[in-house]
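Student: got a sequence here, can you build the structure:
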Amino acid sequence: PKSWGISDDLGQIEYIFSDKTGTLTQNVMEFKKCAIADKSYGLAYTSAQEGYDKRLGNVDVTAKAKYMKELIANSRSQMIPQLKSSNPFFKEENLAFVSPEFMDEMNDKRNHDFLLALALCHSAVIDYEDMNSANDETIINYSAESPDEIALVSFARDMGVVFLGKEDDYYLVSDNGKQLKYKVLCVIPFSSARKRMRIVLESPDGNIKMYMKGADNVIMQRSARGEFDEEIGKNLEEYSNEGLRTLCISTKDLNPNEFYDWYDHYAKAGKLLDEQRELETERLADQFENSVVLLGATAIDDKLQDGVPETIESLRKAGIKIWVLTGDKVETAISIGYSCSMLNNNMDLLKVQSESVEDLERTIDALLKEKFDIDPTKAVNLKQARSDHSIPDERHALLIDGKTLTILFDESPKDVQLKFLMLGKKCCSILC
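Tutor: All right, here's what the predicted structure looks like:
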């Protein structure tokens, strides 16, 4: 049969290069946890958290998973009647966030401000097809460029602060049954360079407010250092260890005269030529994006695809080296590595995190010599290692962060890159 050649073809594969989101994971985002002021809300036991517990090595993962599953199911059943009675837009099947404690404190001003920020600071639109096909105006689902965006605004909807769509220049919101209109004055969308988005609105009481959300390090840098920033920072670290995708949410009251004066300059900058326009608009955007008040942080889970851990383990046993690129923080990436069987407690995880070319070369040289007894200063050793295609043992895995990878590719000479390649060939898994 023609399929006889498949095994031969597979036997020639030495490397698998993969990204994480949508390949190892389902790219289906579920809102699991949030940190507001000095409290963390939400019950979850994610596959990455399971990986983190495996990494610690002192947790009965099976027993903990069973306990958490029962706890989450019981807590969810407590929340559903209350949400159904108070929110006509709530649909039981959509509920991913489980926290009876949050339900008890939902009317707290800080919690309400957090929900309002999520309902307003986004680029999502109503998916009217779902509403029309079911002939039910209480079915409100959203579409957006990012599935994370959908998860955030859907969480606010389930908790009673519902984005109802846009009418001319206004965002319509049902705030616990009360219909409100917020005039949109300015939107600066999220981009990979800015790592944040912001929206400026005129609220029904006439005040002008800015909401901004983005990567936690970016928002924290622009925070006015409130009394709960340190506590929120600790919760963010915990969420990262659990493999959750995090964002920070912030706000700022704006002086109307200052804002309209700024907006006049911003509109003029938008008419400049390409490079000049980009520089000037970014400079102006930075003017208001500082001294913000941190409202809280969100944590979203992107589940692994079915069978990923078993598949990766089988590939590793077959001698195939697996390299995965992810935009996660280092600790998040390590937890996910354990959950999908790229890493285990029997492995020596080699970390390459450097600030300069010189530091990077020293790190690689030291690892080659100490871990693999290869003298990187001898050309003959480099040549032999480059031509070595033997199966690596499963004792070593490698982690390199994004900053170091940029130094490696953009600033380092070719011999340093070849040394890194040689180091990578000696490891069964690599995470960036």
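
Student: where is the longest helix in the chain?
Tutor: Scanning the chain for the helix with the most residues, using DSSP state H, yields helix 61-86.

Student: and that helix, what does it pack against?
Tutor: helix 47-56, helix 100-104 (3 or more Cβ pairs under 8 Å, 6 or more residues apart in numbering; DSSP states H and E). (Glycine included, C-beta is placed from N, CA and C.)

Student: to Y260, which of these lies closest?
Tutor: Closest approach to Y260 among those (Cβ to Cβ): helix 100-104, 37.4 Å.

Student: go through the next helix-or-strand element following that closest one and flag the buried ones.
Tutor: Per DSSP states H and E, the first helix or strand lying C-terminal to helix 100-104 is helix 109-120. Using 16 or more other Cβ atoms under 10 Å as the burial criterion, the residues of helix 109-120 that qualify are N111, H112, D113, F114, L115, L116, A117, L118, A119, L120.

Student: give me the pLDDT for G319.
Tutor: Confidence at G319, expressed as pLDDT, is 84.

Student: and for the residue nearest to I126 when sequence neighbours are not counted, the neighbour number?
Tutor: Nearest residue to I126 in three dimensions, chain neighbours excluded: G165, at 4.5 Å (Cβ to Cβ, 6 or more residues apart in numbering). Neighbour count for G165, taken as other Cβ atoms under 10 Å: 15.

Student: contacts only, for G165.
Tutor: Going by Cβ atoms under 8 Å, 6 or more residues apart in numbering, G165 touches V125, I126, L172.

Student: okay, the nearest residue to the first one once chain neighbours are set aside and E149: tell me how far apart.
Tutor: With sequence-adjacent residues excluded and distances taken as Cβ to Cβ, 6+ apart, V125 is closest to S143, at 5.5 Å. From S143 across to E149, the span is 9 Å (Cβ to Cβ, to the nearest Å).

Student: which one's more surrounded, these two?
Tutor: With neighbours defined as other Cβ under 10 Å, S143 and E149 compare such that E149 has more, 22 against 13.

Student: what's the following helix or strand after the helix or strand hosting that one?
Tutor: Using DSSP H and E, E149 sits within helix 147-158. Next along the chain after helix 147-158, taking DSSP H and E as the criterion, comes strand 161-167.

Student: can you give me the buried ones in that following strand?
Tutor: For strand 161-167, by 16+ other Cβ under 10 Å, it's V161, V162, F163, L164.

Student: tell me which helix or strand the closest residue to A318 other than its chain neighbours sits in.
Tutor: Counting by Cβ to Cβ, 6+ apart, L10 is the residue found nearest to A318 once chain neighbours are left out, at 8.0 Å. Assigned by DSSP H and E, L10 falls within helix 4-11.

Student: which residues of the stretch 151-300 of the chain score low on pLDDT?
Tutor: Applying pLDDT under 70 to the stretch 151-300 of the chain flags no residue at all.

Student: hang on, the earlier thing: please save the CA atoms from the helix holding E149 in PDB.
Tutor: The C-alpha coordinates for helix 147-158 follow below in PDB (Å, rounded to 0.1, in the frame of the first residue of the first chain):
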ATOM      1  CA  PRO A 147     -10.900  36.100  21.600                       C
ATOM      2  CA  ASP A 148      -9.500  37.600  24.800                       C
ATOM      3  CA  GLU A 149     -11.500  40.800  24.100                       C
ATOM      4  CA  ILE A 150     -14.700  38.700  23.800                       C
ATOM      5  CA  ALA A 151     -14.000  36.900  27.100                       C
ATOM      6  CA  LEU A 152     -13.600  40.200  29.000                       C
ATOM      7  CA  VAL A 153     -16.700  41.900  27.800                       C
ATOM      8  CA  SER A 154     -18.700  38.700  28.100                       C
ATOM      9  CA  PHE A 155     -17.700  38.400  31.800                       C
ATOM     10  CA  ALA A 156     -19.000  41.900  32.400                       C
ATOM     11  CA  ARG A 157     -22.200  40.900  30.600                       C
ATOM     12  CA  ASP A 158     -22.700  37.800  32.800                       C
END
